[in-house]
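Asker: Pasting the sequence and the predicted coordinates here, then a few questions.
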Amino acid sequence: MDCIFCKIAGGEIPSNKVYEDDSVLAFYDLVPQGPVHILIIPKTHIASAAEISADNSAVVAHIFEVAAGIAKEQQLDNGYRIVTNIGEDGGQSVKHLHFHLIGGRQMAWPPG
């Protein structure tokens, strides 16, 4: 598979890791949209949130547990945003489920 996030999860491509366990990897985004911008991915390939099912949803719940812990470690006490993009029209650039944890600044709505 030619998925960049699968390669990062497999250790073929280096990343600036924030968190890792058997099923999830979190690392700093290369093009941050805020003072804190961390990507959280399942190590198992899931193309997007459109492919979440009863068979793989446990890892998504775990991702949100990990995100809460990272937010505490990053001292994002005033709030943060968690975003996932789905499909081309949704702005998904990497076809591997990933969540952006963005914080450290006031967020605008709509995001654009």
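Answerer: Alright, I've got the coordinates. Treat the numbers as computed from the prediction; the structure is a model and nothing was measured.
Asker: hey, let's count contacts and neighbours off CA atoms from now on
Answerer: Fine.
Asker: what sits up against the host helix or strand of Tyr19?
Answerer: Using DSSP states H and E, Tyr19 sits in strand 17-20. Among residues not part of strand 17-20, those counted as contacts by CA atoms under 8 Å, 6 or more residues apart in numbering are 25-28, 38, 70.
Asker: now with 10 Å?
Answerer: Applying CA atoms under 10 Å, 6 or more residues apart in numbering, the set of residues contacting strand 17-20 from outside is 8-9, 25-29, 38-43, 66-67, 69-70, 73.
Asker: Can you tell me the SS state at Leu97?
Answerer: When the structure is split into helix, strand and coil by DSSP: H, G, I helix; E, B strand; the rest coil, Leu97 lands in coil.
Asker: And the one 4 residues further on, by the same measure?
Answerer: At Leu101, secondary structure determined by three-state DSSP is strand.
Asker: if we can go back for a sec, same question for the strand holding Tyr19: list its buried residues.
Answerer: Along strand 17-20, these residues count as buried under the neighbour rule (16 or more other CA atoms under 10 Å): 19-20.
Asker: Let's see the helix or strand just after that strand as PDB, backbone CA atoms only.
Answerer: Later in the chain than strand 17-20, the nearest helix or strand by DSSP H and E is strand 24-28. Extracted C-alpha coordinates of strand 24-28, given in PDB (Å, rounded to 0.1, in the frame of the first residue of the first chain):
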ATOM      1  CA  VAL A  24      -2.800   4.700  17.700                       C
ATOM      2  CA  LEU A  25       0.000   7.100  16.700                       C
ATOM      3  CA  ALA A  26       0.000  10.900  17.300                       C
ATOM      4  CA  PHE A  27       2.500  13.200  15.800                       C
ATOM      5  CA  TYR A  28       3.000  16.900  15.100                       C
END
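Asker: Given the strand holding Tyr19, what are its sheet partners and their directions?
Answerer: Each strand that strand 17-20 pairs with, and the sense of that pairing, follows from DSSP bridges: strand 24-28 (antiparallel).
Asker: low pLDDT regions in the chain?
Answerer: Low-confidence segments of the chain, defined by pLDDT under 70, span residues 1, 111-112.
Asker: re the thing from before, so what's the gap between the strand holding Tyr19 and the chain middle?
Answerer: When C-alpha coordinates are averaged (CA atoms, centre = their mean, to the nearest Å), strand 17-20 and its chain have centres 11 Å apart.
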